[in-house]
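Chemist: any chance you can model this:
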Amino acid sequence: LRRQMEADSASIASSAADLDAMRLSMQSTVAQAYLRIRAIDLYLGLLELTREAYTRSLELTRNQYNAGLAARADVIQSEVQLQSLMTQETDLRQQRLLEENAIAVLLGRPPAGFTIARTDALPPPPAIPAQVPSALLIRRPDVIAAERQVAVANANIGVAEGAWFPDLTLSAQGILQEGRFVDLFSAPQLIWSVGPSLAATLFDSGRRSALVEQSRAQYDERVAAYRQTFLTGIQEVEDALAALQMLDAKAEQQARLVELAEENERVVTNRYRAGLVTFLEVSVAQNQTYTSRRTALEIRADQLAASIRLIVALGGGWR
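Modeler: Numbering: from 1, shown residues only. As a prediction, this is how the structure comes out:
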């Protein structure tokens, strides 16, 4: 009974850890959805600025066409570029609405009427310690649950071994009360020698031995699962740290690319105004600038997403 209580207590702790794991998973899902909304807000802001630039380019191209300095194809190309941007804006607004609905459901609220105010700000990634101790992994809910399952299996071995003891019950008068009297009087001499309950324990065709072996095998299985869970946690932490390191380098490279694209757009636009190039080159340069800026925003969002994954991998952060 003592070992069974030990197993039940460990099972309760494992279930509590499973609850914590589910809560952490939901928190991560909400944080990721909120992050995507903030990233979409920045994309929309970039689209609005780019749309203003494309509108000015369209006006310039029309003026060039009316003055006989540009072809009709340039005007059409400029209109197509602006319309494509407006289509992207519609898609982004739809994505934002879907993310809002997802957050509302995760918060247990109906999507209708639930809104998140727009803001053109993305929080900076948290400062990551230079070294993250592996001891933090023992706080992971799935690691705790796996460890408690090992304790359950270990206690169950004691329960199985305890089954070898006969279940004897003594009355207040000290008379053995086990089985029916008819079974006792009809039992062979061997059972009269060792007692009916003890005989059933000793001569059970190996059932109790098999149960003990099964409990030990289950223990080995839980130990292997615990080890695998811990190794998976280490992998997730290493993956998140590696992603953050690579994204930091990528962000610096992308910032330089944005500067080059903006400079190239200024040069090409001036050449177009001077009549030296067609609008097609201007369109290509503008698209390169827009793409490079959006990629820079995506990298910032990826950095925050990787930070969230690291926090989850460590079971809730590094403090």
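
Chemist: quick check: which ranges of the stretch 51-200 of the chain have low pLDDT?
Modeler: The model of the stretch 51-200 of the chain has pLDDT under 70 over residues 130-134, 161-200.

Chemist: now do the helices in this protein.
Modeler: Ranges of helices in the chain, per DSSP state H, are 2-66, 72-106, 141-162, 181-186, 189-194, 196-202, 207-273, 279-313.

Chemist: and those as a markdown table, adding mean neighbour count and distance to residue 125?
Modeler: From N, CA and C alone the C-beta is placed, and that goes for glycine too. Below are the helices of the chain laid out as a markdown table (neighbours: other Cβ atoms under 10 Å; distance: least, Cβ to Cβ, whole Å):
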| stretch | mean neighbour count | distance to residue 125 |
| --- | --- | --- |
| helix 2-66 | 16 | 11 |
| helix 72-106 | 15 | 20 |
| helix 141-162 | 20 | 24 |
| helix 181-186 | 10 | 75 |
| helix 189-194 | 12 | 72 |
| helix 196-202 | 16 | 64 |
| helix 207-273 | 15 | 7 |
| helix 279-313 | 19 | 4 |
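
Chemist: could you dump those helices to TSV with distance to residue 118?
Modeler: Converted to TSV, the helices of the chain look like this (distance: least, Cβ to Cβ, whole Å):
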stretch	distance to residue 118
helix 2-66	5
helix 72-106	8
helix 141-162	34
helix 181-186	81
helix 189-194	82
helix 196-202	73
helix 207-273	23
helix 279-313	15
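
Chemist: out of the ones you listed, which comes closest to residue 115?
Modeler: Ranking those by proximity to residue 115 (Cβ to Cβ) places helix 72-106 first, at 6.3 Å.

Chemist: which one of the helices of the chain lies nearest to residue 126?
Modeler: helix 279-313 (5.5 Å).

Chemist: could you say what helices and strands that closest one packs with?
Modeler: helix 2-66, helix 72-106, helix 207-273 (3 or more Cβ pairs under 8 Å, 6 or more residues apart in numbering; DSSP states H and E).

Chemist: could I get those as JSON lines with distance to residue 115?
Modeler: Formatted as JSON lines, the helices and strands packed on helix 279-313 follow (distance: least, Cβ to Cβ, whole Å):
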{"stretch": "helix 2-66", "distance to residue 115": "10"}
{"stretch": "helix 72-106", "distance to residue 115": "6"}
{"stretch": "helix 207-273", "distance to residue 115": "30"}
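
Chemist: looking at those helices, spot the one closest to residue 316.
Modeler: Nearest to residue 316, of the helices and strands packed on helix 279-313 and by Cβ to Cβ, is helix 2-66 at 6.5 Å.

Chemist: quick one: that closest one to helix 207-273, angle?
Modeler: 10 degrees (axes from the mean of the first three to the mean of the last three Cα atoms, to 10 degrees).

Chemist: now helix 2-66: how far from the chain's centre is it?
Modeler: What separates the centre of helix 2-66 from the centre of its chain is 11 Å, taken as Cα atoms, centre = their mean, to the nearest Å.

Chemist: could you number the chain from 108 rather than 1 from now on?
Modeler: OK, 108 is where the count begins now, so the last one is helix 109-173.

Chemist: just checking, what packs against it?
Modeler: By 3+ Cβ pairs under 8 Å, 6+ apart, helix 109-173 packs against helix 179-213, helix 248-269, helix 314-380, helix 386-420.

Chemist: could the ones you listed go into JSON lines alongside distance to residue 167?
Modeler: Shown next, in JSON lines, are those (distance: least, Cβ to Cβ, whole Å):
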{"stretch": "helix 179-213", "distance to residue 167": "8"}
{"stretch": "helix 248-269", "distance to residue 167": "59"}
{"stretch": "helix 314-380", "distance to residue 167": "7"}
{"stretch": "helix 386-420", "distance to residue 167": "9"}
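
Chemist: out of those helices, which is closest to residue 125?
Modeler: helix 248-269 (5.2 Å).

Chemist: what helices or strands is that closest one leaning on?
Modeler: Checking 3+ Cβ pairs under 8 Å, 6+ apart, helix 248-269 ends up next to helix 109-173, helix 314-380.

Chemist: could I get those helices as CSV with distance to residue 402?
Modeler: Output for the helices and strands packed on helix 248-269, formatted as CSV (distance: least, Cβ to Cβ, whole Å):
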stretch, distance to residue 402
helix 109-173, 11
helix 314-380, 6
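
Chemist: looking at those, which is closest to residue 424?
Modeler: Nearest of the helices and strands packed on helix 248-269 (Cβ to Cβ): helix 109-173, 10.5 Å.

Chemist: what angle sits between the closest one and helix 248-269?
Modeler: Using the same axes, to 10 degrees: helix 109-173 against helix 248-269 is 160 degrees.

Chemist: what's the closest of the helices and strands packed on helix 248-269 to residue 259?
Modeler: Nearest of the helices and strands packed on helix 248-269 (Cβ to Cβ): helix 109-173, 4.5 Å.
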